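K.L.:
Only the shape, not the letters, is given here:
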């Protein structure tokens, strides 16, 4: 088992035009080194599935600012004026999805489900083009599963096998995305020996993690 | 007291002891500052935490702890964190007692529009559609008018946030309660007359024989 990879080599695996799920909520719990490396290597025409595009200069905003995204699936872009500008100008295509629905669509994608029925969005423009299904007199929308070529995960700790945990609100979409990417690349704030993360505290099993980004310059190297 | 403070002070009287409450970004967040002493309320941040509280001082932020706007917050002892599926399970599943959100328009049927002005301001719905659909009580905190134009309309001109009727609308002029019969003028802000509210409202209001003054926390 060999999971460690440099951040540059990890991003080299991602071709132009790839679809990426990127964890994080307003940049909290986002894989910031992978994002910076995507910008440095200039990956283009990306489809990005994420909760939001962060705020100017931070998080997924860096991909927006470098104009690397062709299509965005997100729930909220209100705190990033540049994303709104590019959308209104027609420079990027944006699909807005209710937050709970996006979380469930990603979960469905990673858990092998054919979709999820949600009451959210019934009777609104978010229901346009979607199948409405009535169950026991209540109307639901069929939220279809989403998968991606890559899931880029921002963990708190990873052990040598790639078991992951998360910290506080850094968890957000990361655990669902780690199940829904064909290739899963995790970046952790700390890499710890196997056993340091107790079994009950592992949130994402190492089994689904393909690559673990090596730590950068530490210990005075 | 400005309009926003008045609205926040009125809404602060709504939560009951032990309630789970979600406050939207901006004006709704101010509600937390005015809760009556001794009232224990648990605040949810939909990015994945129950037990949000303000930071004791600037500079103590944890990079992994923010509110849904991405601002640093603190957490109370007994707080718990979870992923976005659990967070929205709490919201949709009927476990959230109150959500307080801002509004662009509310109509005579109590329907809310608050997530988009097509072609102009497209922030996205974020968690708003789930919150309005799923919370036990939905309280709208907004100014009564925008640039002199009524925000309480016969029918919303902007895309709706949900097909679900909200529970209460609190403005700097009045408290309105949407009912199956229409919008009831429940309370008047201090010094405000029913005529003033009617003049600033496009929707038809149901006017009870006597209207109490808004209590404030």
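P.N.:
On my side now, so go ahead. Fair warning: this is a prediction, and the values are worked out from it, not measured in the lab.

K.L.:
bridging residues for residue B:138?
P.N.:
Counting by DSSP bridges, residue B:138 is bridged to residue B:99.

K.L.:
check contacts around it.
P.N.:
Applying C-beta atoms under 8 Å, 6 or more residues apart in numbering or on different chains to residue B:138 gives the contacts B:98, B:99, B:101, B:112, B:131, B:132, B:164, B:166, B:167, B:168. C-beta: built from backbone N, CA, C; applies to glycine.

K.L.:
go again using 10 Å as the cut-off
P.N.:
The contact partners of residue B:138, taken as C-beta atoms under 10 Å, 6 or more residues apart in numbering or on different chains, are B:96, B:98-101, B:110, B:112, B:131-132, B:161-162, B:164-169, B:178.

K.L.:
Next one, pLDDT for the residue lying farthest from the centre of chain A please.
P.N.:
In chain A, the greatest distance from the average C-alpha position (C-alpha atoms, centre = their mean) is reached by residue A:137, at 34.7 Å. The confidence metric pLDDT takes the value 97 at residue A:137.

K.L.:
Could you measure from it over to chain B?
P.N.:
With distances defined as C-beta to the nearest C-beta, to the nearest Å, the gap from residue A:137 to chain B amounts to 14 Å.

K.L.:
residues touching the residue of chain B positioned farthest from its centre, list them.
P.N.:
Most distant from the centre of chain B: residue B:59, at 28.6 Å, with distances by C-alpha atoms, centre = their mean. Residue B:59 makes contact with residue B:72 under the criterion C-beta under 10 Å, 6+ apart.

K.L.:
Kindly report the same for the one 4 residues further on.
P.N.:
With C-beta under 10 Å, 6+ apart as the criterion, the residues that contact residue B:63 are A:27, A:28, A:29, A:32, A:156, A:167, A:168, A:170, A:189, B:72.

K.L.:
now, among the residues you listed, which is nearest to residue B:14?
P.N.:
Checking the contacts of residue B:63 against residue B:14 by C-beta to C-beta gives residue B:72 as the nearest, at 26.5 Å.

K.L.:
Torsion angles phi and psi at the closest one?
P.N.:
phi -60, psi 140 (degrees, to the nearest 10).

K.L.:
Hmm, residue B:55 and it touching each other?
P.N.:
Yes. Residue B:72 sits in contact with residue B:55 when judged by C-beta atoms under 10 Å, with a separation of 5.6 Å.

K.L.:
Identify the contacts common to the two.
P.N.:
Joint contacts of residue B:72 and residue B:55 (C-beta under 10 Å, 6+ apart) are B:61, B:62, B:65.

K.L.:
The second one touches residue B:72, doesn't it?
P.N.:
Yes. Counting by C-beta under 10 Å, residue B:62 touches residue B:72, with 7.2 Å between them.

K.L.:
joint contacts of these two?
P.N.:
Contact criterion C-beta under 10 Å, 6+ apart; residues bridging residue B:62 and residue B:72 by contacting each: A:28, B:55.

K.L.:
those helices in the chain, which residues are they?
P.N.:
Because you didn't say which chain, this covers chain A. Taking DSSP state H as the criterion, chain A carries its helices at A:7-12, A:32-41, A:61-65, A:81-88, A:99-111, A:174-180.

K.L.:
my bad, the chain I had in mind was chain B
P.N.:
Using DSSP H, the helices of chain B run over residues B:3-11, B:84-92, B:128-134, B:194-199.

K.L.:
if you compare the ones you listed, which one is most tucked away?
P.N.:
Using mean count of other C-beta atoms under 10 Å in any protein chain shown, the stretch among the helices of chain B with the greatest mean number of neighbours is helix B:128-134 (a mean of 28).

K.L.:
roughly how far out does it sit from the chain middle?
P.N.:
With C-alpha atoms, centre = their mean, to the nearest Å as the basis, helix B:128-134 stands 12 Å off its chain's centre.

K.L.:
With stretch A:162-180 instead?
P.N.:
Stretch A:162-180 has its C-alpha centroid displaced from the chain centroid by 9 Å (C-alpha atoms, centre = their mean).

K.L.:
residues touching the closest residue to residue A:186 other than its chain neighbours, list them.
P.N.:
In space, not counting the residues next to it along the chain, residue A:186 is nearest to residue A:153; the distance is 4.3 Å by C-beta to C-beta, 6 or more residues apart in numbering or on different chains. Under the criterion of C-beta under 10 Å, 6+ apart, the contact partners of residue A:153 comprise A:21-24, A:29-31, A:34, A:162, A:164, A:166, A:173-175, A:177-178, A:181, A:184-188, A:204, A:208-209, A:212-213.

K.L.:
switch to 7 Å and redo it
P.N.:
Remark: with contacts taken as C-beta atoms under 7 Å, 6 or more residues apart in numbering or on different chains, residue A:153 is in contact with A:23, A:31, A:164, A:174, A:177, A:178, A:184, A:185, A:186, A:187.
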